[in-house]
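Novice: Everything below, folded, please.
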Amino acid sequence: MTTATGSELIEGYLRTRRVRHFRGHNDGEFFFLLNTFHGRLHVHLEPCGPQARTAKITVSTARYYPVAQRPRVAALAEQWNRSDPRAVATVFGSSDPRLVGVVTESRYRDGGVEFGVFVDEAIQSAIELFGRMKASTGGQERSDVGIGTGGQERSDVGIGTGGQERSDVGIETGGHLLDAG
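Specialist: Next up is the predicted model:
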């Protein structure tokens, strides 16, 4: 990343992907919501590192798991991390002591892959992980019901799929579907 800062890369990504996004409280911080076949994801992009020359991508789900499921969720996260994913999974405690959450994190450093491809792969990796977690926990998660949906939870919305469930979801970019895998 000799010419672009993390903020410039992020803004360029959001512009080229035509993603409706929001600015965070700090300079260069952005986030957007993504509907997938298993629920809504929160994607957070922010510059980091010396002189903000790199970028961090975190993805979390609007769903939390009962604390009784923590050992199972933690085991799934460990198994995921050992499989060398594009995004590292971490289990964290919630402000509600009865619940735990999961977040994935990826850090972009100037290297052999273009930034947009890196972000798409990190998001696709998170989609796969959260899909596996939902299947493995028997759907016992709880969600932040109704964020931006008029009180209705929508977990059946596919990205660029016309509302049909799909397990091979990519990220829609201005009329065509990216295969981010």
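Novice: For the closest residue in space to residue 14 that isn't next to it in sequence, give me the backbone phi and psi.
Specialist: In space, and not counting its chain neighbours, residue 14 is closest to residue 21: 5.0 Å by CB to CB, 6 or more residues apart in numbering. Just so you know, the C-beta spots here come from the backbone N, C-alpha and C atoms, and that holds for glycine as well. Per-residue torsions, residue 21: phi -140, psi 170 (degrees, to the nearest 10).
Novice: Tell me who's in contact with residue 21.
Specialist: 14, 30, 31, 32 (CB atoms under 8 Å, 6 or more residues apart in numbering).
Novice: the bottom helix or strand of this protein by mean pLDDT?
Specialist: strand 176-178 (a mean of 34; mean pLDDT, DSSP states H and E).
Novice: about what we covered before: just the buried ones from the contacts of residue 21?
Specialist: Burial of these was assessed by neighbour count (16 or more other CB atoms under 10 Å); the buried members are 14, 30.
Novice: Now do stretch 95-104: distance to the chain's middle.
Specialist: Stretch 95-104 has its C-alpha centroid displaced from the chain centroid by 16 Å (CA atoms, centre = their mean, to the nearest Å).
Novice: cool, stretch 13-33 as well?
Specialist: 13 Å.
Novice: buried stuff in it?
Specialist: Buried residues in stretch 13-33, counted by 16+ other CB under 10 Å: 13, 14, 17, 19, 21, 28, 29, 30.
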